[in-house]
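K.L.:
3D, please:
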Amino acid sequence: MILISACLAGLNVRYNSTNCIDDRLQKLVLEKKAITVCPELMGGFSTPREPAEIVGGNGDDVLDGKATVIERSGRDVTELYMKGAYATLQKALEVGATQVVLKENSPSCGSAAIYNGEFNGTKIVGEGVTTALLRRNNIVVLSEEDI
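P.N.:
The predicted structure follows:
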């Protein structure tokens, strides 16, 4: 089984209530070859929500307590991102996921790039909180750009 970011399957779950549909990935869901997940919603967020970025590092640093996830207004939402990451890991283990395809650049889902934590649109090399946790548990994580 494959897990896919819900926004990539066409669900309007992104912070601004939009999606990033990828027809190839949506087809896998429709064919019951994949199921959708949204770490942010699984962590307790609603849609829409305020944009957030990792400040002080990347997803591994968040897991290690060395960085935080902060909303644009300054609210620390690290715990919700951690909750979503662990819920996604649990789901991956429950369904025996062999790989997970997550949305690039997200503070949860980024697998090669995330935003730099300054809310200025600059991307840096790094991975989101959920990706880091899944990889620590030997689950293959790809982005829509890798497909």
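K.L.:
At which residues are the strands of the protein located?
P.N.:
Here the chain has its strands, by DSSP state E, at 2-5, 34-37, 52-55, 68-71, 99-102, 113-115, 123-125, 140-143.
K.L.:
Need the outlier residue of the protein, farthest from its centre.
P.N.:
Of all residues in the chain, Glu31 has its C-alpha farthest from the mean position, at 22.7 Å, by CA atoms, centre = their mean.
K.L.:
measure that residue to Ile2 for me?
P.N.:
Note on Glu31: its distance to Ile2, by CB to CB, to the nearest Å, is 11 Å. C-beta here means a position set from N, CA and C on the backbone, and glycine is covered the same way.
K.L.:
hmm, back to that, tell me the phi and psi of the residue farthest from the centre of the chain?
P.N.:
phi -80, psi 0 (degrees, to the nearest 10).
K.L.:
Tell me who's in contact with it.
P.N.:
Applying CB atoms under 8 Å, 6 or more residues apart in numbering to Glu31 gives no contacts.
K.L.:
Tell me the pLDDT of it.
P.N.:
In the predicted model, Glu31 carries a pLDDT score of 97.
K.L.:
Give the buried residues for stretch 38-45.
P.N.:
Neighbour-count burial for stretch 38-45 flags 38-43, 45 (criterion: 16 or more other CB atoms under 10 Å).
K.L.:
Ok, stretch 16-36 next?
P.N.:
Residues 19-20, 22, 25-26, 28-29, 34-36 are the ones in stretch 16-36 that count as buried (16+ other CB under 10 Å).
K.L.:
Which one of these is nearest to Glu127?
P.N.:
For Glu127, the closest of the buried residues of stretch 16-36 turns out to be Cys20, at 17.6 Å, with distances computed as CB to CB.
K.L.:
The closest one: what's it in contact with?
P.N.:
Contacts for Cys20 were tallied using CB under 8 Å, 6+ apart; they are 5, 7-8, 14, 103, 144.
K.L.:
Sweet, I'm off.
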